[in-house]
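Asks: 3D, please:
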Amino acid sequence: MIKVLGIHSSPIKNGNTAWLLDYALKEAEKMDSVETEFITLAGLTIADCKHCNWCMKKQTPDKLCVIEDDADQILHKVQDCDVLILASPVYFSRLSGTMACFIDRTRCFTFGKNGHLALKGKMGVALAVGWCRNLGMETTLASLHGAFLVHEMLAPSCHTAGALYGVGVVSGQRDENFVYKREKLGVKDDHEGLNSTKLLVHEALRMAKKLTVDN
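Replies: The predicted structure is shown next:
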C-alpha cells in the first residue's frame, strides 16, 4: 500500500489551494493500492523552528521535536508516508509563510538523532496556486523543491505534463476580453494546470511503486 499525504497551507479551508490538493489526491486514489490523507494547516498552531538542536541530541521515535503543538502529529504522518504533496498559495511571489514555517519544522528529519535524513527516498510533489501565471508561481515551486532536496527526497518530473519541478495552477481566469472573471474556484477552469497535476501525481506514484518493488 502506497501512502500519499497531502498538506496545503492556504488560510481558506475550502478555497482554490484546498480544491487543487483534493483533486490531486482523488487522482492518486484512481491507482491501485493507494491510500490518501488530506491535511490543512489553516487554524492550527505551528510554532517557528528555534534551531535549538534538541532533535539532534534527544529525539526519540515518539518525540520528534521538543516543541509541543499541532505540528507534532503531522510530522509523524510525514515520516510515515511514501508520497508527500505540498500545496501552497502564492504570496508576494513566494510560498505562504505558513508553509515555510511548517517546512522549517521538518528540520527534525534532516538532523534528528532518531534518523539522519529520515525522509530520504520519499516522493515529493509540489503544487502552487496563483492568481496570475507569471507572478511567483515558479519561485513558490522552487522553494518547495528546495525543501525536498534538503531531505534528499525524490521529486519526479513529467515532460508530458510540462512539469519539470512541480505544477502551478492559475486561479484568476479571464474571459475572451482578458477581463478577470469573478470565480471563487478559478482553478477548476485551468484545464492545462489540472491535467499537469494529474500526470505528475501519477508519475510520482509510478516511481513510488517501482521503488517499493525494487526494495
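
Asks: which other residues reach the helix or strand of the chain with the lowest mean pLDDT?
Replies: Lowest by mean pLDDT, DSSP states H and E among the helices and strands of the chain is helix 191-214, with a mean of 92. Applying Cβ atoms under 8 Å, 6 or more residues apart in numbering, the contact partners of helix 191-214 are 2, 4, 20, 23-24, 27-28, 31, 33-34, 82-83, 85, 121, 123, 125, 127, 154, 156-158, 160-163, 166-170, 187-188. Quick note: C-beta positions are derived from backbone N, CA and C, even for glycine.

Asks: If we use 6 Å, what do you get?
Replies: 2, 24, 27-28, 31, 82-83, 123, 125, 156, 158, 160-163, 167, 169 (Cβ atoms under 6 Å, 6 or more residues apart in numbering).

Asks: Go through those and flag which are in strands.
Replies: 2, 83, 123, 125, 167, 169 (DSSP state E).

Asks: Output these in CSV, with neighbour count, distance to residue 76 and pLDDT appended to each entry.
Replies: Below are the ones in strands among the contacts of helix 191-214 laid out as CSV (neighbours: other Cβ atoms under 10 Å; distance: Cβ to Cβ, whole Å; pLDDT from 0 to 100):
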residue, neighbour count, distance to residue 76, pLDDT
2, 20, 18, 96
83, 25, 16, 98
123, 24, 18, 97
125, 28, 20, 98
167, 30, 27, 96
169, 28, 29, 96
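
Asks: and stretch 150-163, how far apart are its ends?
Replies: 20 Å (Cα to Cα, to the nearest Å).

Asks: Now do the helices in this structure.
Replies: Assigned by DSSP state H, the chain shows helices spanning 16-29, 54-58, 71-80, 97-105, 107-110, 137-150, 191-214.

Asks: Any idea which of those helices gets closest to residue 182?
Replies: Nearest to residue 182 among those is helix 16-29 (13.5 Å), distances taken as Cβ to Cβ.

Asks: Check which helices and strands that closest one sits against.
Replies: Applying 3 or more Cβ pairs under 6 Å, 6 or more residues apart in numbering; DSSP states H and E, we find helix 16-29 packed against strand 2-8, strand 34-40, strand 83-91, strand 123-130, helix 191-214.

Asks: then that helix to CSV, C-alphas only?
Replies: C-alpha atoms of helix 16-29 as CSV (Å, rounded to 0.1, in the frame of the first residue of the first chain):
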residue,chain,number,x,y,z
ASN,A,16,-8.5,27.1,-4.6
THR,A,17,-5.5,25.5,-3.0
ALA,A,18,-7.6,23.1,-0.9
TRP,A,19,-9.6,22.2,-4.0
LEU,A,20,-6.5,21.5,-6.1
LEU,A,21,-5.0,19.3,-3.3
ASP,A,22,-8.2,17.4,-3.1
TYR,A,23,-8.2,17.0,-6.9
ALA,A,24,-4.6,15.6,-6.7
LEU,A,25,-5.5,13.1,-4.0
LYS,A,26,-8.5,11.9,-5.9
GLU,A,27,-6.3,11.3,-8.9
ALA,A,28,-4.0,9.3,-6.7
GLU,A,29,-6.9,7.2,-5.4
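
Asks: Just give me how far stretch 50-57 sits from the chain centre.
Replies: Distance of stretch 50-57 from its chain centroid, counting by Cα atoms, centre = their mean, to the nearest Å, is 24 Å.
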